[in-house]
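Asker: take this sequence and fold it.
(chains A, B, C and D)
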There are 2 protein chains.
Amino acid sequence: MATIKDLAKLAGVSVTTVSRVLNDHPYVSKEKRKLVLEAIEQTKYEKNVNAVHLKTGRTQLVGVVLPFSDHPYFAQLLKGIAKQAFKHNYKLVLIQTDYQEKREKEALHMLRQKQIDALIICSRSCDLDLITSYTLYGPIVVCEKVHGDKLSSAYIDHYQAFQSALAYLYETGHQKIGYSVSRLDGTSSKERAAAYRDFLAAKELPCRLDYVFDKMLYFEDGETMVTQLKQMEDPPSALIITNDQVAAGVMTCAGRVGINIPEKLAIIGFDDHPMAQMMGISSMHIPLEEMGEHLFKQALGKESKDKVFHATLIKRETV
Amino acid sequence: MATIKDLAKLAGVSVTTVSRVLNDHPYVSKEKRKLVLEAIEQTKYEKNVNAVHLKTGRTQLVGVVLPFSDHPYFAQLLKGIAKQAFKHNYKLVLIQTDYQEKREKEALHMLRQKQIDALIICSRSCDLDLITSYTLYGPIVVCEKVHGDKLSSAYIDHYQAFQSALAYLYETGHQKIGYSVSRLDGTSSKERAAAYRDFLAAKELPCRLDYVFDKMLYFEDGETMVTQLKQMEDPPSALIITNDQVAAGVMTCAGRVGINIPEKLAIIGFDDHPMAQMMGISSMHIPLEEMGEHLFKQALGKESKDKVFHATLIKRETV
DNA sequence: TTACTTGCTGAAAACGATATCAGGTCAAGT
DNA sequence: ACTTGACCTGATATCGTTTTCAGCAAGTAA
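Answerer: A predicted model of the protein is given here:
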């Protein structure tokens, strides 16, 4: 494979000149530029980017940490990220963690090793301080509220989102409201829990721990949830559900066991996925793709350090 | 940031020795190894992998080309690929193409530039010959039957899969069978079309072009399909559907417009996604994750050049 | 005239690792 | 005593670029 040296020899110029042609530097005479271009053509020369990476210290690669890529939530986020990455001529390195800390650390390590120029962490299980300590090696963006100015962040105000969903259900007459999350110890779940607690306190409603459903993430989890609901003596009359997939699952199963929606059970999903639209599921719209785009721009340092996105309630037929 | 030279100076040894320690070469005395390790500890040294890449000519990176990462089919495939990648200490570079040739070419280009060690193409729109020509620069694996020995491939026998679905429907009394695909000019669609044509010919059934539905890929496309069915004077009595998502969409909408499944319309999905299981949709099981794992192993040259996977019919309640 | 810019050129020094090679010691085998 | 081979060491070349720097010619300003 031809190198820049071969080109130089072939064109009868120095490697510097070749490099200049390759990088569109202005100070090259027309004649020499032509010679070099011909040599490139002739040898079918291609840059060895690894040499460039070494020399420049950048790789045009951004790491994206996410627990699973097979979930619509992250897939949509990824779509936004990918869109901007493409626009800025960056490539993405996917780091699927399954929430294993070990793998998240691997991603941080890649940043330190200069294999990636920046890191976007869509959801974490690692300690935030640990992550922050790696900002020394490159920009890191996370999807949650952070204190301090080392990390950038773009995130949904889950507290606010949950509050408005709760308020809406309360307005429509519901007092026995439950909710589900994908993992109780996740950052967004904690915010949701806080909103829930504050809401109950404000309305002087009792706190029912059995109204909180954990590990609800996929469409098929909706079935589990319906089964559990069916077994309850005093089930909730309304549910704010992890996301639209689970909500769709609940909706699909509920009818089969005689739980009519919304009469017997009102539901609100999250994300406002096309699926929710089609099935008429009320949902909290989240600008996921937009958020993804923002995340990438932040990774490149082209955007403010901190950005909050707000969810908006889309009323359909399930409340 | 410390380099191998700094370590050498600090430990009072040569860079060669440091390199040997770093790479677990046996010929290093206990004392020197200890000195080097201490220096590493002290300086918090971290390898610059870009230098390694340049020197070794490999990057431990494999490119994965797929049209969309937000579809369960590809997400599952990706999961298998990621599993093996992790096992072999490789990272994946995601190249989302949206079926734009331009982007596929970019992926090929990365291989040529040595930014990735191998390329896995899950679905393409580029010309196969063009792709083949890039095998000169590294292993390429595709998901379809190929002739020649340049490319590796792992794929589903869609012809056989479609045949068995058709046979099953025919056995259960259906003569008016239609089907849907995601894009008519895709490789797998052509195989399906061939199976369909051959089946109709064998059974001496008429060919109905309006029984073929294009651009059906997502859950919400099921709604479009039901709308179209509803408008037909002589609709099919059975459908073999692109995948389980679309099938679920059809199932969800069909009831609303009075199309009972399976009485008025029998359906068979593809992929045997958990969703199909939950909703009781008959489906062609495809070992997607396994196939993904195989793809990766092929990319590393650790597996045969050619591997066919077979789909198996899972009978549930929609036929 | 001097001095200073602008345009162009190439030699050589990086970047930070690994690989090659030559040379050393020391014990075992003949 | 002499070879052989295992073990250990480090100088130096190398991977393929970009960057720095020095230099030259020609034009312009003072």
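Asker: quick one, helices of the stretch 101-250 of chain A?
Answerer: Along the stretch 101-250 of chain A, counting by DSSP state H, counting those that start in this stretch, helices occupy A:101-112, A:128-133, A:158-171, A:187-203, A:221-231, A:244-256.
Asker: okay, those, which one's buried deepest?
Answerer: Comparing these by mean neighbour count (mean count of other CB atoms under 10 Å in any protein chain shown), helix A:244-256 ranks first with a mean of 24. In this view, the C-beta of every residue, glycine as well, is placed from N, C-alpha and C.
Asker: anything in that helix near chain B?
Answerer: Yes. Among the residues of helix A:244-256, A:Gly249, A:Thr252, A:Cys253 lie within reach of chain B under CB under 8 Å from any CB of the partner chain.
Asker: where do the strands of the stretch 1-150 of chain A begin and end?
Answerer: A:61-66, A:91-96, A:118-121, A:140-142 (DSSP state E, counting those that start in this stretch).
Asker: select, out of those strands, the one closest to chain B.
Answerer: With CB to the nearest CB as the criterion, chain B lies closest to strand A:91-96 of those, at 4.7 Å.
Asker: so that closest one versus strand B:61-66, what angle?
Answerer: With axes from the mean of the first three to the mean of the last three CA atoms, to 10 degrees applied, the angle from strand A:91-96 to strand B:61-66 works out at 90 degrees.
Asker: quick one: list the elements packing against strand A:91-96.
Answerer: Applying 3 or more CB pairs under 8 Å, 6 or more residues apart in numbering or on different chains; DSSP states H and E, one finds that strand A:91-96 makes contact with strand A:61-66, helix A:72-87, helix A:101-112, helix B:72-87, strand B:91-96.
Asker: can I get these in TSV including distance to DNA strand C and mean pLDDT?
Answerer: Compiled in TSV, the helices and strands packed on strand A:91-96 are given as follows (distance: least, CB to the nearest atom of the strand, whole Å; pLDDT from 0 to 100):
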stretch	distance to DNA strand C	mean pLDDT
strand A:61-66	17	96
helix A:72-87	25	92
helix A:101-112	11	95
helix B:72-87	21	92
strand B:91-96	17	93
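Asker: for the ones you listed, which one sits closest to A:Ala201?
Answerer: helix A:72-87 (29.3 Å; CB to CB).
Asker: how about the residues of the stretch 51-200 of chain A near DNA strand D?
Answerer: Taking CB under 7 Å from any atom of the strand as the criterion, the neighbours of DNA strand D within the stretch 51-200 of chain A are A:Ala51, A:Val52, A:Leu54, A:Lys55, A:Thr56.
Asker: pull out the buried residues from these.
Answerer: Among those, those that count as buried by neighbour count (16 or more other CB atoms under 10 Å in any protein chain shown) are A:Ala51, A:Val52, A:Leu54.
Asker: what is the burial count for the nearest residue to A:Phe213 once chain neighbours are set aside?
Answerer: Distances taken as CB to CB, 6 or more residues apart in numbering or on different chains put A:Ser180 closest to A:Phe213, at 3.8 Å, once the chain neighbours are dropped. By other CB atoms under 10 Å in any protein chain shown, 28 other residues sit near A:Ser180.
Asker: one step back: let me know the closest of the buried ones among the residues of the stretch 51-200 of chain A next to DNA strand D to DNA strand D.
Answerer: For those, the minimum distance to DNA strand D (CB to the nearest atom of the strand) is 3.4 Å, reached by A:Ala51.
Asker: tell me who's in contact with the spatially closest residue to that closest one that is not a sequence neighbour.
Answerer: Spatial nearest neighbour of A:Ala51, excluding adjacent residues (CB to CB, 6+ apart): B:Leu54 at 5.1 Å. With contact taken as CB atoms under 8 Å, 6 or more residues apart in numbering or on different chains, B:Leu54 is in contact with A:Asn48, A:Asn50, A:Ala51, A:His53, A:Leu54.
Asker: just send the residues you listed back as CSV, with distance to B:Thr224 too.
Answerer: What follows is those, written out as CSV (distance: CB to CB, whole Å):
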residue, distance to B:Thr224
A:Asn48, 48
A:Asn50, 47
A:Ala51, 51
A:His53, 46
A:Leu54, 51
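Asker: what's the pLDDT at the residue in chain A positioned nearest to DNA strand C?
Answerer: For chain A and DNA strand C, the shortest gap (CB to the nearest atom of the strand) falls at A:Ser14, measuring 2.8 Å. Note on A:Ser14: pLDDT of 95.
Asker: and it, how many neighbours?
Answerer: Other residues close to A:Ser14 by other CB under 10 Å number 12.
Asker: domains in chain A, by residue range?
Answerer: A:4-47, A:58-156+A:289-309, A:158-288 (automatic domain parsing).
Asker: distance to B:Gln76 for those - can I get that in JSON lines?
Answerer: Converted to JSON lines, the domains of chain A look like this (distance: least, CB to CB, whole Å):
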{"stretch": "domain A:4-47", "distance to B:Gln76": "34"}
{"stretch": "domain A:58-156+A:289-309", "distance to B:Gln76": "6"}
{"stretch": "domain A:158-288", "distance to B:Gln76": "12"}
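Asker: for the residue nearest to A:Phe213, give its distance to A:Asp214.
Answerer: Look at A:Ser180 and A:Asp214: by CB to CB, to the nearest Å, they are 7 Å apart.
Asker: avg pLDDT for stretch A:45-57?
Answerer: The model assigns stretch A:45-57 a mean pLDDT of 96.
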